[in-house]
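>>> the sequence and its predicted three-dimensional model are supplied below.
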Amino acid sequence: MSRIGRMPIAVPAGVTVDIAENNQVTVKGPKGTLTRVLPEEMDIKLEGDQVVVTRPNDLKKMKSLHGLTRTLINNMVIGVTEGYTKVLEVNGVGYRAAKQGKKLVLNLGYSHPVEMEDPEGLESKVDGNTITVSGIDKEKVGQYAAEIRETRKPEPYKGKGIKYADEVIRRKVGKTGKK
């Protein structure tokens with residue numbers, strides 16, 4: 001059995017989980033509502049204050065979908081209760097980030113400032129040289145943070161660019177002078 005898929009998901013107080021036909025799961029909580037259509041093969045049941053996911057058989061595909069389905073529901077429950085955040089750091093001389101309404105304006109050494117619109121349901125905050133992306137959907141938060149990082153990836157020689165706060169950049173030694 002899948003060790004992750006076997007674990008029941010505890011539904012905290014103030015959170016409601018609705019399971020419609022075709023495994024459309026809707027999770028409502030204090031921070032908002034998330035809806036997702038999950039694989040039809042999985043059997044999702046609400047038992048008291050717990051959500052239990054079971055699989056029909058032990059085929060390889062079913063085993064992999066079992067843990068995935070359980071994790072997706074768990075991420076939705078955590079999202080509507082606590083929310084998700086990703087922190088990015090802007091490193092480099094003259095590299096700056098600023099907020100203009102719902103726009104994130106990045107000056108990253110290009111001939112023009114890079115402007116990014118905050119997607120629906122996400123919020124970005126700028127504090128000095130850190131950018132914090134927060135929202136209730138884990139997937140969207142990670143995707144938007146990855147798009148921000150992609151505008152100027154950190155380079156290995158000086159470490160300039162946008163990196164995740166918990167990311168470690170492997171540094172390289174530069175060229176040595178001619179003797």
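Here it is on my side, so go on.
>>> which helix of the protein spans the most residues?
The helix spanning the most residues in the chain, taking DSSP state H as the definition, is helix 60-81.
>>> which residues are contacting the helix or strand that that helix is followed by?
Read in the C-terminal direction, the helix or strand following helix 60-81 is strand 84-91, with elements assigned using DSSP states H and E. Contacting residues not belonging to strand 84-91 are listed as 78, 96-97, 106, 108, 129-138, 141-142, 145, 148-149, 154, 159-166 [C-beta atoms under 8 Å, 6 or more residues apart in numbering]. Glycine gets a C-beta too; all of them are placed from N, C-alpha and C.
>>> again, but for stretch 55-71
Here stretch 55-71 makes contact (C-beta under 8 Å, 6+ apart) with 2-5, 7, 9, 38-39, 41-44, 53-54.
>>> give me the mean pLDDT for it.
Here stretch 55-71 scores 92 as its mean pLDDT.
>>> same question for stretch 145-152.
When pLDDT is averaged along stretch 145-152, the result is 96.
>>> can you list the buried residues in that stretch?
145, 148-149, 152 (16 or more other C-beta atoms under 10 Å).
>>> take these and keep only those in strands.
Among the buried residues of stretch 145-152, no residue falls in strands (DSSP state E).
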